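> coordinates only, sequence not included:
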């Protein structure tokens, strides 16, 4: 949404936002795009009111000076064909049909193609494969005590036995506890660090441990609930919270996570 807002306001271009299905594209446009265009001062007058007869504004296609933003479903071949677009935003790509592509961007020398997704199954995840082909950037936070930069790992979250409300993140270097306030403060001054050579594609990985809207104790409680519910719930936790792909034959690896081994008695 922020990317779209930037190009509408500062660098007008033809934009295509692709969702897994046409229905999801319509929902995104109504629930996310339309409110942003309505409530953001820099964008408010860029797109005409849809009720205007000559607005060029429909649910799936919105015109603005110098460009347009079109929403489509990856499951609809007709919506992808012959579209000259400069900015392609592909959302939740792990849920796309195998035939989905991005040929239309070849018309622009300054094109941008961005893929976003929660990973799914290891070996079949589009976003995991794309990330592995990138420079693999992770967001590093400095410990408030030892100042060691680190990527937040689930194995560093610990709590007292049967008390997920006591969960805290522990520094991977000095083992000091981080309060949620300290974690959120560290997020503000974090740094993206690449772990592979740059070959034209930047890749970014971020898990739910970095969310400023969720406390660590809430994630611990969710983990235990998922573990109790079963493998499918645990898979959803691994995919959506840890931003990791799921290995069918190694599901037990999450259940015997360090988080439980290190739990305090």
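Ah, there it is. Bear in mind that the values here come from a model prediction, so they are computed numbers and not experimental data.

> So residue 137 is in contact with residue 192, correct?
Yes - between residue 137 and residue 192 a contact is recorded at 4.5 Å, counting by CB atoms under 8 Å. For the C-beta atoms, the positions are set from N, CA and C on the backbone; glycine is no exception.

> More neighbours: these two, which one.
residue 137 (19 against 13; other CB atoms under 10 Å).

> quick one: contacts for the more buried one?
Under the criterion of CB atoms under 8 Å, 6 or more residues apart in numbering, the contact list for residue 137 reads 192-195, 202-205.

> Kindly recompute the last result at 10 Å.
Residue 137 is in contact with 131, 191-196, 198, 202-206, counting by CB atoms under 10 Å, 6 or more residues apart in numbering.

> what is in contact with residue 137 and residue 192 at once?
If you check residue 137 and residue 192 against CB under 10 Å, 6+ apart, the residues they both contact are 202, 204-206.

> Find me the pLDDT at residue 110, would you?
At residue 110 the predicted local confidence, pLDDT, stands at 78.

> now do the one 3 residues further on
On pLDDT, residue 113 comes in at 92.

> Wait, residue 35 touches residue 1, no?
Yes - counting by CB atoms under 10 Å, residue 1 is a contact partner of residue 35 at 9.5 Å.

> between the two, who's got more neighbours?
Remark: of residue 35 and residue 1, residue 1 carries more neighbours, 14 against 11, as counted by other CB under 10 Å.

> List the contacts of the more buried one.
17, 28, 32-33, 35-37, 40, 89.

> same check, this time on residue 9
Going by CB under 10 Å, 6+ apart, residue 9 touches 40-43, 46, 64.

> Which of those residues sits closest to residue 172?
When those are ranked by distance to residue 172 (CB to CB), residue 40 comes first, at 38.8 Å.

> Leaving out chain neighbours, which residue sits closest to the closest one?
Once flanking residues are discounted, residue 40 sits nearest to residue 5: 6.2 Å by CB to CB, 6 or more residues apart in numbering.

> so how far is residue 46 from residue 134?
Distance, residue 134 to residue 46, by CB to CB, to the nearest Å: 32 Å.

> Compute the number of surrounding residues for residue 112.
When neighbours are defined as other CB under 10 Å, residue 112 has 15 of them.

> how close does the closest residue to it other than its chain neighbours sit to residue 192?
With CB to CB, 6+ apart as the criterion, residue 112 has its nearest non-adjacent residue at 5.1 Å, and that residue is residue 87. Between residue 87 and residue 192 the computed distance is 21 Å (CB to CB).
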